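Model the following, please.
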Amino acid sequence: MYTIAMLVRRALAPTALVCLLGACDGQGHSGSDPIAASEKHAATAAALEDSDDGGELPALSALGYVDWDDNADVSLSGVTLHDRERSWPGYDIYTNDQDEAYLISTSGERLHTWRVPGATHLELFELYEDGSIAGESEKEGLARVDWDSKPIWRAQVHIHHDVRRLPSGSFLVIAKEQPRPYKGRIVQFDQIVEISAEGKQRKLWSTFEHLEELRRIHPPSPLDRAPKKGTPDKLWLDYYHMNCVEPLPPTELGENDERFRAGNLLICLPRVNLIAILDRDSFDVVWSWGPKHLEFAHTPTLLENGNILVFDNGQRRGDSRVLELDPRTKEIVWSYTDPEKGGFYSEWRGSNQRLPNGNTLICESERGYVFEVTPDGEKVWEFWNPDLVDGSRRRIYRYARLERDFVEPILAAQGLGSRR
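The predicted structure follows:
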């Protein structure tokens, strides 16, 4: 089975990528759920840190992962660049951010579409060897459908942003706790939960329960001061929002340094510009990095060489970049940026995947644009989401490339030939 950790780390021959269905209905509405309602009034780290006088936390509207890019160049659609000699061959998967999941060739041919019943914000999915996929939704929980999109099973759980299927068959998820009062405000905290194959839930770690430990590894926050007079009574904050939890894969680094041993958890807290590793047994923070370097990050992943790849959105710079960090020295050893200011910028979302040939696959989510670059930063493959309506392009949350050896037996079982 492809795990997300494998996909974002390197496209070996795993088994699946998990579907994530967000809390919203695709138009920024969260319904009457108090947990979903908290997202509507979330404050971002950039806004907090930009308050030079250490002023009050602003009450901002929803982060609102808007589904469409209204400034799209409609002349660009599908695969617009494909250097077959230097790009890494495989099959690609992504979703329409609503209820459909796609399998396409690297030439842009759509080979199959799954539909997840009841989904309103499908972001990720996990593909099994039998052609079924597993997905999750805040409203629908975890669900699995077959090749023909017929439901197989469903488990109720309130999760968001990331899901990892473990070798045991259990799932590792990020879930929201009930909003709670904290220093005069109503604050949302996240937790990591393990869900067994039978649907039993076990909380492993909570940002609230480990708040003091987290506060020691990032700069002081206005969250820790009492609100100013005149602040709304119900100020919903999601300051310790998580967007990634990755079980570390086996690496030579992990064999020699316990901080990076297989099974430890790599997490991302974008609003405090922090990535951190939790020990798999004690759940203590054993490594961290990011403040003064990251500006709202996504998709950190441990590479086979022991380095960490991370998508740095660059919200204050107005410029995104992908970084490869040596976690031992905390030195940036490789990066991708666009030479033109703002030429590569995804404000709220984004993903990166190191491919087996050393290239890097990058998803610039906000423009619905995916591209592959060589170690020298040269683009050798490009894809623009062909989903265009009235001059707007649908955005892509994450995008991944799978190995031929994994996908082609699935296609053959369905009477479909291989594609190049």
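
All the helices of the stretch 1-150 of the chain, residue numbers only.
For the stretch 1-150 of the chain, the helices defined by DSSP state H, counting those that start in this stretch occupy 4-9, 34-39, 45-49.

repeat for the stretch 301-420 of the chain
404-413.

any idea which residue sits dead centre in this structure?
Nearest to the geometric centre of the chain sits Thr299, at 5.1 Å (CA atoms, centre = their mean).

isn't that residue right up against Val310?
Yes. Contact criterion CB atoms under 8 Å: Thr299 and Val310 qualify, at 6.7 Å. (C-beta placed from N, C-alpha, C; glycine too.)

what touches both of these two?
Cys268, Asn352 (CB atoms under 8 Å, 6 or more residues apart in numbering).

coming back round to it: show me the contacts for the residue nearest to the residue nearest to the centre of the chain when sequence neighbours are not counted.
Using CB to CB, 6 or more residues apart in numbering and skipping residues adjacent in sequence, the residue nearest Thr299 is Ser351, 4.5 Å away. Contacts for Ser351 (CB under 8 Å, 6+ apart) come out as Val8, His298, Thr299, Phe311, Ile362, Cys363, Ser365, Tyr397, Arg398, Tyr399, Ala400.

Need the per-residue pLDDT for Ser351.
Looking at Ser351, its pLDDT reads 95.

Give the bridge partners for it, please.
Cys363 (DSSP bridges).

measure it to Glu177 for me?
26 Å (CB to CB, to the nearest Å).

Restrict whatever helix or strand the residue nearest to the centre of the chain lives in to CA atoms and write it as CSV.
Counting by DSSP states H and E, the element that carries Thr299 is strand 297-302. Extracted in CSV, the C-alpha atoms of strand 297-302 (Å, rounded to 0.1, in the frame of the first residue of the first chain):
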residue,chain,number,x,y,z
ALA,A,297,5.1,25.5,5.8
HIS,A,298,3.6,22.3,4.4
THR,A,299,4.6,18.7,3.7
PRO,A,300,7.9,18.2,5.6
THR,A,301,9.2,14.7,4.8
LEU,A,302,12.3,12.7,5.7
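
where does the stretch 251-400 of the chain dip in pLDDT?
Counting by pLDDT under 70, the stretch 251-400 of the chain contains no low-confidence segment.

which residues of it fall in strands?
Counting by DSSP state E, counting those that start in this stretch, the stretch 251-400 of the chain has strands at residues 265-269, 274-278, 285-289, 297-302, 308-312, 321-326, 331-336, 351-354, 360-364, 369-373, 379-384, 388-389, 392-394, 400-402.

if we can go back for a sec, for Pro117, state which of the contacts of Ser351 is nearest.
For the contacts of Ser351, the closest approach to Pro117 (CB to CB) belongs to Tyr397, at 19.7 Å.

Is the closest one in contact with Asn96, as I believe?
No. Applying CB under 8 Å, one finds Tyr397 not in contact with Asn96, separated by 10.1 Å.

Mind putting the contacts of Ser351 into a markdown table with distance to Ala413?
Formatted as a markdown table, the contacts of Ser351 follow (distance: CB to CB, whole Å):
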| residue | distance to Ala413 |
| --- | --- |
| Val8 | 26 |
| His298 | 34 |
| Thr299 | 31 |
| Phe311 | 34 |
| Ile362 | 32 |
| Cys363 | 28 |
| Ser365 | 32 |
| Tyr397 | 28 |
| Arg398 | 26 |
| Tyr399 | 24 |
| Ala400 | 21 |
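
So which of those residues is surrounded by the most neighbours?
Phe311 (30 neighbours; other CB atoms under 10 Å).

Could I get the strands of the stretch 251-400 of the chain in JSON lines, plus columns for distance to Glu213?
Below are the strands of the stretch 251-400 of the chain laid out as JSON lines (distance: least, CB to CB, whole Å):
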{"stretch": "strand 265-269", "distance to Glu213": "12"}
{"stretch": "strand 274-278", "distance to Glu213": "9"}
{"stretch": "strand 285-289", "distance to Glu213": "6"}
{"stretch": "strand 297-302", "distance to Glu213": "19"}
{"stretch": "strand 308-312", "distance to Glu213": "20"}
{"stretch": "strand 321-326", "distance to Glu213": "22"}
{"stretch": "strand 331-336", "distance to Glu213": "25"}
{"stretch": "strand 351-354", "distance to Glu213": "28"}
{"stretch": "strand 360-364", "distance to Glu213": "32"}
{"stretch": "strand 369-373", "distance to Glu213": "36"}
{"stretch": "strand 379-384", "distance to Glu213": "41"}
{"stretch": "strand 388-389", "distance to Glu213": "46"}
{"stretch": "strand 392-394", "distance to Glu213": "39"}
{"stretch": "strand 400-402", "distance to Glu213": "32"}
